[in-house]
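*Asks:* Structure for the following, please:
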Amino acid sequence: MTPRRLLLIPAAALLFSLGLYSWNQHTDVLDAFSASTGLEAAGSILKGIHAVKTSIASTWQRFANQSAIQQENEKLRKELRELSARMLLVSEQKAELERLRKLLGISPPKDWQLLGAQVLGSRMGPNSPFIGITIDRGYITGATPETPIMTPEGIAGFVFKAGPFTAIALLLTDPGVRIAVTGEKSRMQGILSGNGLNKPMEMLFVPHNATFEVGELLVTSGLDNVFPKGIPVAKIISAAPSTLTPFLAVQAVPLANLTKIEDVLLVVRDPETLLPQRAPQQQPSSEAKKP
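*Replies:* Numbers count the residues shown, from 1 in each chain. Got it, this is the predicted structure:
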């Protein structure tokens, strides 16, 4: 291409621009088109920015709402746990109140007093040397050795060892327990002996010709000088002649639920009945007062 032709291209472009400018001055078509195009372009950009802004704000709001919901849920869960704990506490307190009401409804035998005690622990496993419980009273607070313990149902055992403020009590099913009892109806006497955990007790030295009914209550006879007379102990479940001994084979189960003891009563002698009576002092005669 020759230099002359190269110069014609810019010249033609210049003439076209001048003509277009002159035409626009008279018609304003290009100004309107550029304004409209620029406005649409700016609007599209602003719409995109607004959409992004709205999306970010919506996402943040959803996150904030979700976080608030999670916090509210955690708060409700905490309140639910607290209410559940309170309900359990109220239920336990109600059960304890019922137990205490039953204990308070028991009248002590004549010349005896009742002292309440709480069970601190139990020893009933196969490896335990005895079947018993630990209570929160000792010899300073009324639980001396051989002190009977009972529940609202009847005799549960007696104190075996005592410290100053705690004591160990043997339960009826311990093999070392012996209680003098008598049949409530038959009035036949014998010695009730423990045979081990979850095993029926045995009534010893019952004459072969004695008659017992299944379900008859056995109460303390008081002949052992440990238990007061007339307190329920056990219920007969079987009575049959023995082929090995000249005595009747009598089995009984304790009335007290020995596996669910939480509170007990100690049956202690009234201190006033243990004090020797003082002889009345003689008043000096009127003649002795005279010099």
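
*Asks:* From now on I want contacts and neighbour counts done on CA atoms only, so please keep to that.
*Replies:* OK.

*Asks:* Which stretches in this protein count as strands?
*Replies:* With DSSP state E as the criterion, the chain has strands at 112-123, 132-135, 148-150, 155-162, 167-171, 178-183, 189-193, 201-204, 217-220, 232-241, 248-254, 263-269.

*Asks:* what's around residue 258, how many residues?
*Replies:* Using other C-alpha atoms under 10 Å as the criterion, residue 258 is surrounded by 21 other residues.

*Asks:* Show the contacting residues for it.
*Replies:* Listed by C-alpha atoms under 8 Å, 6 or more residues apart in numbering, the contact set of residue 258 reads 156, 171.

*Asks:* In the stretch 151-291 of the chain, where is pLDDT below threshold?
*Replies:* 272-291 (pLDDT under 70).

*Asks:* how about 80 then?
*Replies:* Scanning the stretch 151-291 of the chain for pLDDT under 80 picks out 242-245, 270-291.

*Asks:* separation between residue 193 and residue 50?
*Replies:* For residue 193, the distance to residue 50 (C-alpha to C-alpha, to the nearest Å) stands at 93 Å.

*Asks:* So these two - more neighbours on which side?
*Replies:* Using other C-alpha under 10 Å, the more surrounded residue of residue 193 and residue 50 is residue 193, with 22 against 12.

*Asks:* hmm, back to that, tabulate the strands of the chain (a markdown table), appending distance to residue 86.
*Replies:* Compiled in a markdown table, the strands of the chain are given as follows (distance: least, C-alpha to C-alpha, whole Å):
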| stretch | distance to residue 86 |
| --- | --- |
| strand 112-123 | 22 |
| strand 132-135 | 27 |
| strand 148-150 | 31 |
| strand 155-162 | 32 |
| strand 167-171 | 32 |
| strand 178-183 | 43 |
| strand 189-193 | 44 |
| strand 201-204 | 41 |
| strand 217-220 | 41 |
| strand 232-241 | 37 |
| strand 248-254 | 35 |
| strand 263-269 | 22 |
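
*Asks:* what's the burial count for residue 152?
*Replies:* 21.

*Asks:* my bad, residue 145
*Replies:* Around residue 145 there are 17 other residues, counting by other C-alpha under 10 Å.

*Asks:* just the one 10 residues further on next, same as before
*Replies:* Neighbour count for residue 155, taken as other C-alpha under 10 Å: 27.

*Asks:* Kindly report the same for residue 213.
*Replies:* Residue 213 is surrounded by 14 other residues when neighbours are defined as other C-alpha under 10 Å.

*Asks:* Pretty sure it sits against residue 236.
*Replies:* Yes. The pair residue 213 and residue 236 qualifies as a contact (C-alpha atoms under 8 Å) at a distance of 7.3 Å.

*Asks:* Overlap of the contact sets of these two?
*Replies:* Looking at what touches both residue 213 and residue 236 (by C-alpha under 8 Å, 6+ apart), there is no common residue.

*Asks:* now the nearest residue to residue 189 once chain neighbours are set aside, which residues is it bridged with?
*Replies:* With C-alpha to C-alpha, 6 or more residues apart in numbering as the criterion, residue 189 has its nearest non-adjacent residue at 4.2 Å, and that residue is residue 182. Here residue 182 sits in beta bridges with residue 189, residue 219, going by DSSP bridges.

*Asks:* May I have the residues that are in contact with residue 182?
*Replies:* Under the criterion of C-alpha under 8 Å, 6+ apart, the contact list for residue 182 reads 188-190, 218-221.

*Asks:* farthest pair in those?
*Replies:* Between all members of the contacts of residue 182, the longest pairwise span (C-alpha to C-alpha) is found for 188 and 220 and amounts to 11.5 Å.

*Asks:* which of the two has more neighbours?
*Replies:* Applying other C-alpha under 10 Å to residue 188 and residue 220 shows that residue 220 carries more neighbours, namely 27 against 16.

*Asks:* Looking at the contacts of residue 182, spot the one nearest residue 253.
*Replies:* So of the contacts of residue 182, ranked by how close each gets to residue 253 (C-alpha to C-alpha), first place is residue 218, at 9.8 Å.
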